[in-house]
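**Student:** Requesting a structural model of the entry that follows:
(4 chains)
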There are 2 protein chains.
Amino acid sequence: MAKEAPHQSKPQRATRADVARLAQVSTAVVSYVMNNGPKNVAPATSQRVREAARALNYRPNSAARALRKGASELFGVIVPDFRNPYFASINDAIEVEASQHGYSTMFLASHANPDSERDCIEKLLLRDVDGIFMAPAQSYDQLASMERRDCAFILLDNRRGAPGYKCVASDFVDGVDQVVRHFALHGRTDTAMLFGGETPSVDGRIQGWYQAHQRLGIPAGPIHRSYFTNDGAYQAVNAMLDDGEQPNAIFAGSDFEAIGALRALHERGIRIPEDVSLISFDGTFMCENTWPQLTSVHQNVKEIARTAVAAALDPDAPDAQQIPVTLDIRQSCGCPVE
Amino acid sequence: MAKEAPHQSKPQRATRADVARLAQVSTAVVSYVMNNGPKNVAPATSQRVREAARALNYRPNSAARALRKGASELFGVIVPDFRNPYFASINDAIEVEASQHGYSTMFLASHANPDSERDCIEKLLLRDVDGIFMAPAQSYDQLASMERRDCAFILLDNRRGAPGYKCVASDFVDGVDQVVRHFALHGRTDTAMLFGGETPSVDGRIQGWYQAHQRLGIPAGPIHRSYFTNDGAYQAVNAMLDDGEQPNAIFAGSDFEAIGALRALHERGIRIPEDVSLISFDGTFMCENTWPQLTSVHQNVKEIARTAVAAALDPDAPDAQQIPVTLDIRQSCGCPVE
DNA sequence: TTGAAAGCGCTAACAG
DNA sequence: CTGTTAGCGCTTTCAA
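**Tutor:** Residues are numbered from 1 along each chain as shown, chains lettered A, B, ... in the order given. Here you go, the predicted model:
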C-alpha cells in the first residue's frame, strides 16, 4: 500500500512498534518513555528505548496522538488583516506564548468579513483546535449560534458577559480617556475620531470617546467611520477635509489607520502637529517609523497574549480580563521634541 | 471516560457511527457520501445520510482522517518576522491560496534565528505538514541534514539546485538592475545599499547590485549590512552618516528597512529625494503610506504564493521558478510628482 | 517494572 | 449499490 505522499516517497517513517522491536520492549514502554509517564520505567530500559528512538529517528505521529487523546494541542487565530501592524504584533506574541505551552498556532485570514469569519471558525473546529482567539466581526448572538465543541473561545475585545466566552482586551475606555485629556492639555478641543470597521456592539474606544469629552465638559468631535485599514482612514480624512471640516486634533482608532491619515494630511500640506494633533491607538513598532513619530496608546500585546493563552488553557479563568494601557508620547501630538 | 476538554465538557461529538445508525446505513456509506467517493451511493441513501449528518451536526474528525490517510492537508510557513510588511503580504497570499486547495496553514515565527528555524521545521514535521514554505536563514547543507519525511520543502529564495527542494522567488537580479539603472537616470551614481540579514549564500539582490553597476561602468556603492528590520536599517544609516558618508542614492533591500532608513534621514533633516534618492525592494502597501511615498521594486506576492503552493502540491513542478518584478515609481526616487 | 490488548474515528479494500 | 472489516499509530487500563 503506497502512501499518497505529496512530494516523493521516502523511507517509511518509523513507528513506535519499530522502536519497541529494536529496544526489545513492548510498545507501551515506548510510550511511557516518550511521554515521561504515566508509568515509571527502569533507567536501563528507558535508556535503551531512547537510543532505539534516536537510531530510527522516531517521532510520534501527531495525528494518532490527537485522535487518541482527543486534543490537538493546536490553537487557531482568526486575523482580520495580516498587514495591520497591531495584528502582526499580537500574532507574534500569541505564537510565542502558545509555543511555550507546547501548542502550535494556525492563523486564518478573515479579511474582516463576518461570513468569512464563520468559515474560519468552521475550519478551525474541523481541525479540532483546542482554542480560538479572535476579535469577532459579528454579534455574540451569531457567534453563539455556532456549535462550540471542546474548544475555548477567547474574544480579544471588551464585550463582557458573553456566555461561554472569555474576553481579554486592553482597557480601551481608559486609553481613549487619556488621549482626549492629552488633546485638551495641548488646548486641542476641536476633535475628530477615525474608526474603521462596523463592530457589532459598542466598542470601548467609542464609549471612551464620548465619556472623556463629557467629563471634560466639551462636545465630542464627530466619529468618522470607514474601514479598519490605512486606506479606509486615508479616504475618511480626505472626505472629511473635502467637507470643509478640519479639526485641530484627530484620534485614529489604530496605528494602521493613523498611517493612512498621515498620508492624507501630508498630501494636503497640513502640518502635524502644528495644524493637527494626531494620536493613535495600538502603539506598535510603526509609531516610531512614521514622520512625525506617532504619539499612541500602547497596548501591551505580550501581556494580552499571555493572559489570553492562559484563559484558553484554564477553564476557571475569569470571564473578562482587562489589560492596562499607557499613553506613549512622541511627536505627533505636539509635545516638545527632546 | 470523560474527555479531558480544555474548557468545558460538551455533549459528545457525533461520529460517523452515529450518523450511520441514524441514517440506517453502514459506516462505509457515510464515508462515501462525505467524501463524494470512492464509491457511488444511491441518491436517496445519500440524501438520508446528509440529513442525518446535519441533524447530528456531524463533522469528520480530522485527526482520524489524517491518521488514516497519512496526509494532514496542512502547510507550514516559517516567518522570520511577522511585522515585516512583505511577510504580512506573502503570508496572506499563501493562506488564501492554500485555503483554496483545502489546505490550512500554520505560521511559525523563527525571529530570523537559524537555530529557531530548525526548531520550527522540527515542529512542523512533527505535525505532519505536507509542505513547508520558508526563506531559509541557514545553508542548504544544514537544511539537507534534517530528515525530510513526506513533506515538500519550498524555498522562497533564489538559490538554485538545492537537491530535493523547490525554489520560488522574484527575479531579484533584474529588480536590482532596474533600481540601479533608475538611479543613473536621475544622475545618482554615488550609491549605497542597505541589506539586513546574513543570508548564508549569495542573495540575488547583492549579486544584482554588483552586476548592475558593472554594466553601467560605475563603481558599486558600499553594502551596509545590518538586520532585516526597520531598526537594523535605522542604525545602519545612522552609522553610515556618522562615518561622514552620504551617498545621493540609497537602495533598501526591503520596505521594512526603507521605513527605518526614512526615519534616520528625516531625523537629520536630509531631504528625500532632493538630497538622497531612496528606492526599496518589495513594493508592499507600506510604500504608499510613507512620506515621501516609496519608489519600490514590486514583488508579485499573489503569483509567488500561487506558484509556491502549486509546487508543494505537484511533485513534478520545476525545481526553480522565477517571478517577474516591476519597478513602481513613486516619489522617493526623484521622479516628478504628478 | 513491563506487557497485552482495546480502541480513538476514519478510509477503502473486499465481499456481497 | 451497500456492508464488513482491517488497520492507521498511539495511549492507557488491566493483568502479570
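**Student:** Can you point out the buried residues in the helix or strand that contains A:Ser89?
**Tutor:** If you go by DSSP states H and E, A:Ser89 is part of helix A:85-100. Buried positions in helix A:85-100, judged by neighbour count with 16 or more other C-beta atoms under 10 Å in any protein chain shown: A:85-99. Heads up, the C-betas are built off the backbone N, CA and C, glycines and all.
**Student:** Now do it: which elements does it pack against?
**Tutor:** Helices and strands touching helix A:85-100, by 3 or more C-beta pairs under 8 Å, 6 or more residues apart in numbering or on different chains; DSSP states H and E, are strand A:74-79, strand A:104-109, helix A:255-267, strand A:277-282, helix A:301-313, strand B:104-109.
**Student:** Redo those as a markdown table? Include mean neighbour count, mean pLDDT and distance to B:Val309.
**Tutor:** What follows is the helices and strands packed on helix A:85-100, written out as a markdown table (neighbours: other C-beta atoms under 10 Å in any protein chain shown; pLDDT from 0 to 100; distance: least, C-beta to C-beta, whole Å):
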| stretch | mean neighbour count | mean pLDDT | distance to B:Val309 |
| --- | --- | --- | --- |
| strand A:74-79 | 26 | 95 | 19 |
| strand A:104-109 | 24 | 93 | 15 |
| helix A:255-267 | 25 | 97 | 27 |
| strand A:277-282 | 28 | 98 | 31 |
| helix A:301-313 | 22 | 96 | 29 |
| strand B:104-109 | 24 | 93 | 10 |
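**Student:** And those: which comes nearest B:Gly260?
**Tutor:** helix A:255-267 (14.7 Å; C-beta to C-beta).
**Student:** The helices and strands packed on helix A:85-100 into CSV, with extra columns for distance to DNA strand C?
**Tutor:** What follows is the helices and strands packed on helix A:85-100, written out as CSV (distance: least, C-beta to the nearest atom of the strand, whole Å):
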stretch, distance to DNA strand C
strand A:74-79, 16
strand A:104-109, 19
helix A:255-267, 40
strand A:277-282, 41
helix A:301-313, 22
strand B:104-109, 16
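**Student:** Put together a markdown table for those, with distance to A:Asp319 on each row.
**Tutor:** Shown next, in a markdown table, are those (distance: least, C-beta to C-beta, whole Å):
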| stretch | distance to A:Asp319 |
| --- | --- |
| strand A:74-79 | 19 |
| strand A:104-109 | 23 |
| helix A:255-267 | 29 |
| strand A:277-282 | 24 |
| helix A:301-313 | 9 |
| strand B:104-109 | 29 |
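**Student:** Which stretches in chain A count as strands?
**Tutor:** Ranges of strands in chain A, per DSSP state E, are A:74-79, A:104-109, A:131-134, A:152-155, A:166-170, A:191-196, A:223-226, A:249-252, A:277-282, A:295-299, A:320-323, A:325-328.
**Student:** So which elements touch the second one?
**Tutor:** With contacts taken as 3+ C-beta pairs under 8 Å, 6+ apart, strand A:104-109 sits against strand A:74-79, helix A:85-100, helix A:114-126, helix B:85-100, strand B:104-109.
**Student:** Could you count how many residues lie near A:Ala63?
**Tutor:** For A:Ala63, the count of nearby residues is 24 (other C-beta atoms under 10 Å in any protein chain shown).
**Student:** ugh, wrong one, I meant A:Arg50
**Tutor:** Counted with other C-beta under 10 Å, residues neighbouring A:Arg50 total 16.
**Student:** Quick one: residues contacting the residue nearest to it when sequence neighbours are not counted.
**Tutor:** Nearest residue to A:Arg50 in three dimensions, chain neighbours excluded: A:Val33, at 6.5 Å (C-beta to C-beta, 6 or more residues apart in numbering or on different chains). Going by C-beta atoms under 8 Å, 6 or more residues apart in numbering or on different chains, A:Val33 touches A:Val41, A:Thr45, A:Ser46, A:Val49, A:Arg50, A:Ala53.
**Student:** Can you find the residue of the stretch 151-300 of chain A that comes nearest to chain B?
**Tutor:** Using C-beta to the nearest C-beta, A:Ala152 is the residue of the stretch 151-300 of chain A that sits closest to chain B, at 3.9 Å.
**Student:** Correct me if wrong: A:Ala192 contacts A:Phe251.
**Tutor:** Yes. With contact defined as C-beta atoms under 8 Å, A:Ala192 counts as touching A:Phe251 (7.4 Å).
**Student:** ok, those two, which is more surrounded?
**Tutor:** Using other C-beta under 10 Å, the more surrounded residue of A:Ala192 and A:Phe251 is A:Phe251, with 30 against 22.
**Student:** Can you give me the distance of that one to A:Asp316?
**Tutor:** 37 Å (C-beta to C-beta, to the nearest Å).
**Student:** again with A:Glu274
**Tutor:** For A:Glu274 relative to A:Asp316 (C-beta to C-beta), the value is 53 Å.
**Student:** Considering the contacts of A:Val33, which possesses the most neighbours?
**Tutor:** Neighbour-wise, the contacts of A:Val33 (other C-beta under 10 Å) top out at A:Val49, 25 neighbours.
**Student:** List the residues that contact that one.
**Tutor:** The neighbours of A:Val49, taking C-beta under 8 Å, 6+ apart as the test, are A:Val19, A:Ala23, A:Val25, A:Val29, A:Val30, A:Val33, A:Met34, A:Val41.
**Student:** nearest spatial neighbour of A:Pro38, skipping sequence neighbours?
**Tutor:** A:Tyr32 (7.2 Å).
**Student:** which strand residues sit across from the closest residue to A:Asp328 other than its chain neighbours in the sheet?
**Tutor:** For A:Asp328, ignoring the flanking residues on the chain, the nearest one in space by C-beta to C-beta, 6+ apart is A:His298 at 4.8 Å. Beta-bridge pairing for A:His298 (DSSP bridges): A:Asp282, A:Thr326.
**Student:** Now for the closest residue to A:Arg268 other than its chain neighbours: which residues touch it?
**Tutor:** Distances taken as C-beta to C-beta, 6+ apart place A:Leu241 nearest to A:Arg268, at 6.4 Å, with adjacent residues excluded. By C-beta under 8 Å, 6+ apart, the contact list for A:Leu241 reads A:Ala264, A:Arg268, A:Ile270.
**Student:** Residues of chain A that sit close to DNA strand D?
**Tutor:** For chain A, the contact set with DNA strand D under C-beta under 7 Å from any atom of the strand comprises A:13, A:15-17, A:27-28, A:30-32, A:34-35, A:38-39, A:58-61, A:64-65, A:67-69.
**Student:** Show me which of those residues are buried.
**Tutor:** The neighbour count (16+ other C-beta under 10 Å) marks A:13, A:15-16, A:30-32, A:34, A:58-61, A:64-65, A:67 as buried among these.
**Student:** Quick check, the residue nearest to A:Pro38 in contact with A:Arg50.
**Tutor:** No. Taking contacts as C-beta under 8 Å, A:Tyr32 lies outside contact range of A:Arg50: 11.7 Å.
**Student:** quick one, what contacts A:Val25?
**Tutor:** Under the criterion of C-beta under 8 Å, 6+ apart, the neighbours of A:Val25 are A:Thr45, A:Arg48, A:Val49.
**Student:** Please tell me the pLDDT value assigned to the residue most central in space within chain A.
**Tutor:** Nearest residue to the geometric centre of chain A (C-alpha atoms, centre = their mean): A:Ile90, 4.3 Å. Looking at A:Ile90, its pLDDT is 97.
**Student:** swap in A:Thr27?
**Tutor:** At A:Thr27, the model reports a pLDDT of 86.
**Student:** Can you report how many residues neighbour the closest residue to it other than its chain neighbours?
**Tutor:** Of all residues beyond its chain neighbours, the one nearest A:Thr27 is A:Ala20 (4.5 Å), with distances taken as C-beta to C-beta, 6+ apart. As a burial measure, A:Ala20 scores 18 neighbours (other C-beta under 10 Å).
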